[in-house]
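Trainee: no FASTA, just this:
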């Protein structure tokens, strides 16, 4: 018997794909879901592919590819406007699957949490993208085009003091 490239999860193909689309939509909406370990591992690939679609340079093409899998307009908008830009500098590894200690009560199935990394309120902090690992925070902010708000405030205060001295 040849090796399978995916888990069947005890469901026919149409049911399995619909379930994975529902899980992916829920993951985009809530950014963290609790499900069985097998389902989490299967939806992980789909979720990573959707983020890659959202990061595409051609936004229209990426949106149309993502719309094949994401059900709701709110989730589609969040995927393209929030999640895509959030992971612009990360090269894969957008999700994390952590197995929970307690199995499901009914059938003792292993439970897991699947969540997006680099988000507020995450369970465990993620490593920075490889392009930013050996740089200081100032270098990263400069590369991203972000001004340091503290330095900006100090400059405004100093310029205000200089104007007072001139008067």
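Mentor: Arrived safely. Remember, predicted model here, so these are calculated numbers, not experimental data. Numbers count the residues shown, from 1 in each chain.

Trainee: in the protein, what spans have low per-residue confidence?
Mentor: The chain contains residues with pLDDT under 70 at 1-3, 126, 161-167.

Trainee: which residues of the chain fall in strands?
Mentor: Assigned by DSSP state E, the strands in the chain fall at 32-36, 95-99, 111-116.

Trainee: and those as TSV, adding mean neighbour count and distance to residue 73?
Mentor: C-beta coordinates here come from the backbone N, C-alpha and C atoms, glycine included. Converted to TSV, the strands of the chain look like this (neighbours: other Cβ atoms under 10 Å; distance: least, Cβ to Cβ, whole Å):
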stretch	mean neighbour count	distance to residue 73
strand 32-36	17	20
strand 95-99	15	23
strand 111-116	20	20
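
Trainee: Centre of the chain to stretch 31-39, how far?
Mentor: How far stretch 31-39 lies from its chain's middle: 14 Å, per Cα atoms, centre = their mean, to the nearest Å.

Trainee: ok, back up a step: closest one to residue 52 among the strands of the chain?
Mentor: For the strands of the chain, the distance to residue 52 is smallest for strand 95-99, at 11.8 Å, taking Cβ to Cβ.

Trainee: Is it possible to get CSV of the strands of the chain that adds distance to residue 47?
Mentor: Formatted as CSV, those follow (distance: least, Cβ to Cβ, whole Å):
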stretch, distance to residue 47
strand 32-36, 10
strand 95-99, 5
strand 111-116, 7
